[in-house]
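Peer 1: pasting the sequence and the predicted model now:
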Amino acid sequence: MWKPDRTTKKPLYQQIVDYLERRISYGELPPGSLLPSERKLAEQLGVNRSTIIQAYEELRASGLVESTVGSGTRVSLTKWGIAPKHTPNWRSYTDGGTFLPNLPLMRRIREVLRNGEKLIDLASGELSPDLFPNSIIHTLLQQDPFQEYLGYDDPQGYYPLRSALTSFLLQHHNMNTTESSVLITSGSQQSLYLITQCLLSPGDAVAIEDPSYSYSLPMFQSAGLRIFRLPVYNNGIEPDDIVKLYRQHRIRMIFLNPNYHNPTGTTLDPAKRVQLLDIASKLGIPIVEDDPFSLTSFEGVPPVTLKSMDTDGLVLYIGSLSKIAASGLRIGWMIAPQSVVKRLSDARQQMDFGLSIVSQWLAERLLRSPQFDLHITKLRHALEQKQQLMVNALTDILRDKVTFTPPQGGLNLWCKINLKIDDSKLLEEAIKRGVVFVPGSVYGSEQGYVRLSFAKPHVDEIGAGIAGLAHALKRY
């Protein structure tokens, strides 16, 4: 995000005028584009509102923008009185299309994090930089320089990486698979996107946990799917609920996150797993198992995956390196029947001709490195410590105002605020106090729940973050 330079003699308002003039002249802000409100732009640029008022007055005087009470400030349809050429009505395009935008609260969270404001981030579901395996990667790059072919690779993914994954999944999850059943993706969300776009049709009914991370992804609605809820209890969903949904709506697919569920942190009971697979087999319904967190198990032994129990080819298994190594590597995988892999790899090739060979090459070396198991062990200990710091802070500061059950793995705490609140208003109060979190309504929950991530903030920030949330709640 551009910011005015306070070290120069040029007035701040004039720098803002010049910046907006450039964006208008470059076509980044076509005629009719709505500019941010004075208050919002002042927040983004870190200046007083009076500075923005002065800048907008200058732009209005030059004829570049027009302001209308109740409608805000827009780029003029005519520049300095010159009749415009036929500029496309970009708003009609951006408001159209079949792929829906992110939820407003998610856009707001990403906006404040992207603007570079000094915030304690209890919202992002990713690791803090000190938990990345940087030293291992640095050593790998020194010891084994990249010398691979730089052309288009197999659309199914770099074969050595698929081979490394078969060994990795067998070692950590007792999962038997072959390279031909592995599809490399850019992460779990691309895997889900391919499934919703290629294996399902508009109007199909699917079952999704309630609450669920999937509710924060508009891709399900964009695909025209009918979504039906599976309530999540203390030990996961109730498999019998699937039978009811099937009878009522003929659901065609089940989406589950059974290990350290996002956002609640619950783990599906072992007996329920057996029952779930039996029901899915009898009804012929595939299960999508999203499993990003199981290797974060604080006890060192990850919960059993549905895929490792699957003997009927029911489960499409999704994993990634984002939550256990580094989100920036953009490496995920799907384990599926070969017919499914073939269909999805064909679709993925149409999208991007495959992933970067460099990141796949590096991921393969990382998974095969004897240091990676040590990294996972250190990661578990660090996450457990961070969770305990957050638990202590919540207990000491908010006490009976919040209720939660700490999971034995994952990156998040799911908390119920024991007061009547409005999600969006509480979020805004928290942002003012330098803290950002994810309201529970983003995940389909009723008002009054929040997801607090302990993975991204530094250990020294967790207590301050909870204190900021407490002040926001008190102010609200």
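Peer 2: Yep, that arrived. Numbers count the residues shown, from 1 in each chain.
Peer 1: and the helix or strand harbouring residue 374, C-alpha only, in PDB?
Peer 2: Counting by DSSP states H and E, the element that carries residue 374 is helix 371-393. The C-alpha trace of helix 371-393 is given here as PDB (Å, rounded to 0.1, in the frame of the first residue of the first chain):
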ATOM      1  CA  GLN A 371      15.700 -32.800   9.600                       C
ATOM      2  CA  PHE A 372      12.000 -32.500   8.700                       C
ATOM      3  CA  ASP A 373      10.900 -34.800  11.400                       C
ATOM      4  CA  LEU A 374      12.800 -32.700  13.900                       C
ATOM      5  CA  HIS A 375      11.100 -29.600  12.500                       C
ATOM      6  CA  ILE A 376       7.700 -31.200  13.100                       C
ATOM      7  CA  THR A 377       8.600 -32.100  16.700                       C
ATOM      8  CA  LYS A 378       9.800 -28.500  17.400                       C
ATOM      9  CA  LEU A 379       6.700 -27.100  15.700                       C
ATOM     10  CA  ARG A 380       4.400 -29.200  18.000                       C
ATOM     11  CA  HIS A 381       6.100 -28.000  21.100                       C
ATOM     12  CA  ALA A 382       6.100 -24.400  20.000                       C
ATOM     13  CA  LEU A 383       2.400 -24.500  19.100                       C
ATOM     14  CA  GLU A 384       1.500 -26.100  22.400                       C
ATOM     15  CA  GLN A 385       3.400 -23.400  24.200                       C
ATOM     16  CA  LYS A 386       1.600 -20.700  22.300                       C
ATOM     17  CA  GLN A 387      -1.800 -22.300  22.900                       C
ATOM     18  CA  GLN A 388      -1.000 -22.400  26.600                       C
ATOM     19  CA  LEU A 389      -0.100 -18.700  26.700                       C
ATOM     20  CA  MET A 390      -3.400 -17.900  25.000                       C
ATOM     21  CA  VAL A 391      -5.300 -20.100  27.400                       C
ATOM     22  CA  ASN A 392      -3.700 -18.400  30.400                       C
ATOM     23  CA  ALA A 393      -4.400 -15.000  29.000                       C
END
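Peer 1: check which residues of the helix or strand just after that helix are buried.
Peer 2: Note on helix 371-393: by DSSP H and E, the next helix or strand toward the C-terminus is strand 402-404. Of the residues in strand 402-404, 402, 404 count as buried by neighbour count, 16 or more other C-beta atoms under 10 Å. C-betas here are computed from N, CA, C, even on glycine.
Peer 1: same check on stretch 246-254?
Peer 2: 246, 251-254.
Peer 1: what's next to that stretch, contact-wise?
Peer 2: If you take C-beta atoms under 8 Å, 6 or more residues apart in numbering as the criterion, stretch 246-254 is touched by 195, 199-200, 204-207, 226, 228, 230, 242, 245, 280, 283, 285-288.
Peer 1: what about the strands in the stretch 1-150 of the chain?
Peer 2: Ranges of strands within the stretch 1-150 of the chain are 65-68, 72-75, 120-121, based on DSSP state E, counting those that start in this stretch.
Peer 1: just to revisit the earlier point, quick check on the contacts of stretch 246-254: which are buried?
Peer 2: Buried among the contacts of stretch 246-254 by 16+ other C-beta under 10 Å: 195, 199-200, 204-207, 228, 230, 242, 245, 280, 285-288.
Peer 1: can you flag which of those residues belong to helices?
Peer 2: Using DSSP state H, the subset of those located in helices is 195, 242, 245, 280.
Peer 1: can you list these in TSV and add pLDDT and distance to residue 428?
Peer 2: Formatted as TSV, these follow (pLDDT from 0 to 100; distance: C-beta to C-beta, whole Å):
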residue	pLDDT	distance to residue 428
195	96	35
242	97	38
245	96	36
280	96	42
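Peer 1: tabulate those residues (TSV), appending distance to residue 215.
Peer 2: Converted to TSV, those look like this (distance: C-beta to C-beta, whole Å):
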residue	distance to residue 215
195	16
242	18
245	16
280	22
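Peer 1: list just the nearest of those residues to residue 444.
Peer 2: residue 245 (15.4 Å; C-beta to C-beta).
Peer 1: distance of that closest one relative to residue 211?
Peer 2: 17 Å (C-beta to C-beta, to the nearest Å).
Peer 1: and what of residue 351?
Peer 2: 29 Å.
Peer 1: between those two, which is the more surrounded one?
Peer 2: Higher neighbour count among residue 351 and residue 211: residue 211, with 25 against 13, using other C-beta atoms under 10 Å.
Peer 1: let me know the pLDDT of the more buried one.
Peer 2: Residue 211 carries a pLDDT value of 93.
Peer 1: mind listing what it touches?
Peer 2: 232, 263-264, 440, 443-445, 449.
Peer 1: would you map the helices across the stretch 251-400 of the chain?
Peer 2: For the stretch 251-400 of the chain, applying DSSP state H, counting those that start in this stretch gives helices covering 270-283, 306-309, 338-352, 357-368, 371-393.
Peer 1: possible to save those helices as CSV with distance to residue 435?
Peer 2: Below are the helices of the stretch 251-400 of the chain laid out as CSV (distance: least, C-beta to C-beta, whole Å):
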stretch, distance to residue 435
helix 270-283, 36
helix 306-309, 36
helix 338-352, 36
helix 357-368, 33
helix 371-393, 12
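Peer 1: worst mean pLDDT among these?
Peer 2: Among those, helix 338-352 scores lowest, at a mean of 91.
Peer 1: who are the packing partners of it?
Peer 2: strand 182-185, helix 188-198 (3 or more C-beta pairs under 8 Å, 6 or more residues apart in numbering; DSSP states H and E).
Peer 1: please identify the most buried of those.
Peer 2: Of all those, strand 182-185 has the most neighbours on average by mean count of other C-beta atoms under 10 Å, namely a mean of 26.
Peer 1: what's that one packed up against?
Peer 2: Partner elements for strand 182-185 (3+ C-beta pairs under 8 Å, 6+ apart): helix 159-173, helix 188-198, strand 332-335, helix 338-352.
Peer 1: so which of the helices of the stretch 251-400 of the chain gets nearest residue 169?
Peer 2: Closest to residue 169 of these, according to C-beta to C-beta: helix 306-309, at 8.4 Å.
Peer 1: contacting residues around the closest one?
Peer 2: Counting by C-beta under 8 Å, 6+ apart, 173-176, 256, 258, 273-274, 276-277, 287, 289, 291, 315, 317, 335 sit against helix 306-309.
Peer 1: thinking again about what came up before, the helices of the stretch 251-400 of the chain: which one's closest to residue 127?
Peer 2: Nearest to residue 127 among the helices of the stretch 251-400 of the chain is helix 371-393 (7.5 Å), distances taken as C-beta to C-beta.
Peer 1: thanks again, I'm all set now.
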